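Asker: Below is the sequence, then the predicted model.
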Amino acid sequence: MSFLRFIVAIFFLVSINFGVSNAHYKLNPTFYDCTCPNVINIVRDVMEQIQRRDVRAGAKIIRLHFHDCFVNGCDGSILLDNATGIISEKDANPNVGAGGFAIVDEIKTALENECPGVVSCVDILALASEIGVILAGGPSWQVPLGRRDSLTANKSGANSDIPSPTETLAVMIPQFTRKGMDLTDLVALSGAHTFGRARCRTFNQRLFNFSGSGRPDPTIDSNYLKTLQRLCPQGGNGGTFANLDKSTPDEFDNYYFTNLKNHQGLLQTDQELFSTSGSSTISIVTNYANNQHKFFDDFVCSMIKLGNISPLTGTNGEIRKDCKRIN
Ligand code: HEM
Ligand SMILES: *[C@@H]1O[C@H](CO)[C@@H](O)[C@H](O)[C@H]1NC(C)=O
Ligand SMILES: *[C@@H]1O[C@H](CO)[C@@H](O)[C@H](O)[C@H]1NC(C)=O
Ligand SMILES: *[C@@H]1O[C@H](CO)[C@@H](O)[C@H](O)[C@H]1NC(C)=O
């Protein structure tokens, strides 16, 4: 056999082996079909009940899913409380005040009643995110499943890897690309700010003295600025809530992008997607504002990509019995 053919043969063997091991560990929407066939209905029932008393249920859950996946991959690490050897990510700056943990516990209890020890907490985040989007009028998709829960948390990773709302686009883009997410993913996923709330303290740096300029952020529309200044006065309560989408605060639609075009984005990082001159994010925003189908299609692809960030699979990690602590 010639040297070249030998090399080709080795290459084939190696790629076949890779193919087999990857196939074994690939997430799959049918993962629980035999072990917990009712999983989707159970998650949907609980989400529907909670949504009736808390319109933000879906928003809270999808945010947790994002903050989980950006720290050591999608592994449920964000759900762990302090314990011996575990410093909870819940105390990391981006997670302070985050809701949704009780919702995860309620879903977990329902699943443990039906199929104990089978469905991971991280898969609950992925599934409940999709259901929350549907319940708010957004797209549906088949959620790849089979992730396992971490045995550790990474609070310092949460502080460094989750983008801050006062960041420039130039800082935020590499935070996404380091996780394998491109500009389209960044803009499409930011569209999750089509529902939910943000507290004044996360955007009030824009309202009176932006970057020490003595003036408000010039990219805010003047009427919207007045509304926000009234809601969040200087020296006021930073804990007051504002709608992330001023037009349709609880609907999953593309008005978020129309708001950005109208200079009515809430967070600095929202408005920057449209107002950073020369940025290639501008045309993506315009495209989504004009075409909700395109936004929904891209959002689904980006959510699947988000949910695929370094999951624990196979025999790594565990299936937690209680999402707040390791077994
Ligand atoms: C692009 C960078 C992002 C930044 C800087 C950012 C920042 C923020 C901030 C500051 C808040 C308000 C938090 C508070 O008041 O404590 C928030 C809320 C929210 N974020 Fe993001 N976010 C980003 C991307 C995302 C992504 C990718 C998703 C999901 C796919 C998401 C989903 C949400 C949702 C749904 C809420 C509302 C949650 C609620 O009502 O409780 N965000 N985000
Ligand atoms: C977790 O432990 C840290 C450090 O000891 C502490 O500052 C924090 O308040 C604890 N968090 C909770 C929720 O108990
Ligand atoms: C925590 O996250 C940081 C930032 O991504 C990473 O460099 C570090 O290795 C992580 N630590 C652990 C123990 O996983
Ligand atoms: C705005 O902030 C800068 C820097 O923090 C400060 O020097 C300046 O006095 C502030 N201006 C006003 C009008 O408050």
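Answerer: Now that the structure is in, tell me what you want to look at. Ligands and ions are numbered 1, 2, ... in the order given.
Asker: measure the residue of the stretch 201-327 of the chain found nearest ligand 3 to ligand 1 for me?
Answerer: Using C-beta to the nearest ligand atom, Ser310 is the residue of the stretch 201-327 of the chain that sits closest to ligand 3, at 10.6 Å. All C-beta spots, glycine's among them, are computed from the backbone N, C-alpha and C. According to C-beta to the nearest ligand atom, to the nearest Å, Ser310 and ligand 1 sit 16 Å apart.
Asker: Thr227 now?
Answerer: Applying C-beta to the nearest ligand atom to Thr227 and ligand 1 gives a distance of 17 Å.
Asker: Equivalent analysis for Arg63, please.
Answerer: 4 Å.
Asker: Surely that residue is in contact with Gly196?
Answerer: Yes: the criterion here is C-beta atoms under 8 Å, and Arg63 meets it with Gly196 at 6.9 Å.
Asker: per-residue pLDDT, whichever residue of the stretch 201-327 of the chain sits closest to ligand 2?
Answerer: As assessed by C-beta to the nearest ligand atom, ligand 2 sits closest to Lys324 within the stretch 201-327 of the chain, at 10.3 Å. Here, the pLDDT recorded for Lys324 equals 98.
Asker: What count of nearby residues applies to the closest residue to it other than its chain neighbours?
Answerer: Distances taken as C-beta to C-beta, 6 or more residues apart in numbering place Asp81 nearest to Lys324, at 4.7 Å, with adjacent residues excluded. If you count neighbours by other C-beta atoms under 10 Å, Asp81 ends up with 15.
Asker: Number of residues surrounding Asp91?
Answerer: Around Asp91 there are 14 residues (other C-beta under 10 Å).
Asker: Which residues of this structure lie near ligand 4?
Answerer: When proximity is defined by C-beta under 6 Å from any ligand atom, the chain lies next to ligand 4 at Asn209, Gly212, Gly214.
Asker: how about those in a markdown table, adding distance to ligand 2, neighbour count and secondary structure?
Answerer: Below are these laid out as a markdown table (distance: C-beta to the nearest ligand atom, whole Å; neighbours: other C-beta atoms under 10 Å; DSSP: H, G, I helix; E, B strand; the rest coil):
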| residue | distance to ligand 2 | neighbour count | secondary structure |
| --- | --- | --- | --- |
| Asn209 | 31 | 13 | coil |
| Gly212 | 31 | 6 | helix |
| Gly214 | 36 | 8 | coil |
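Asker: circling back: against Ala59, how distant is the residue of the stretch 201-327 of the chain closest to ligand 2?
Answerer: When C-beta to C-beta, to the nearest Å is the yardstick, Lys324 and Ala59 sit 21 Å from each other.
Asker: higher neighbour count, the two?
Answerer: Between Lys324 and Ala59, Ala59 has the larger neighbour count (other C-beta under 10 Å), namely 26 against 17.
Asker: Relative to Arg147, how far out is the closest residue to Gly238 other than its chain neighbours?
Answerer: The shortest distance from Gly238 to any residue other than its chain neighbours is 3.3 Å, reached at Arg201 (C-beta to C-beta, 6+ apart). Noted for Arg201: a distance of 32 Å to Arg147, by C-beta to C-beta.
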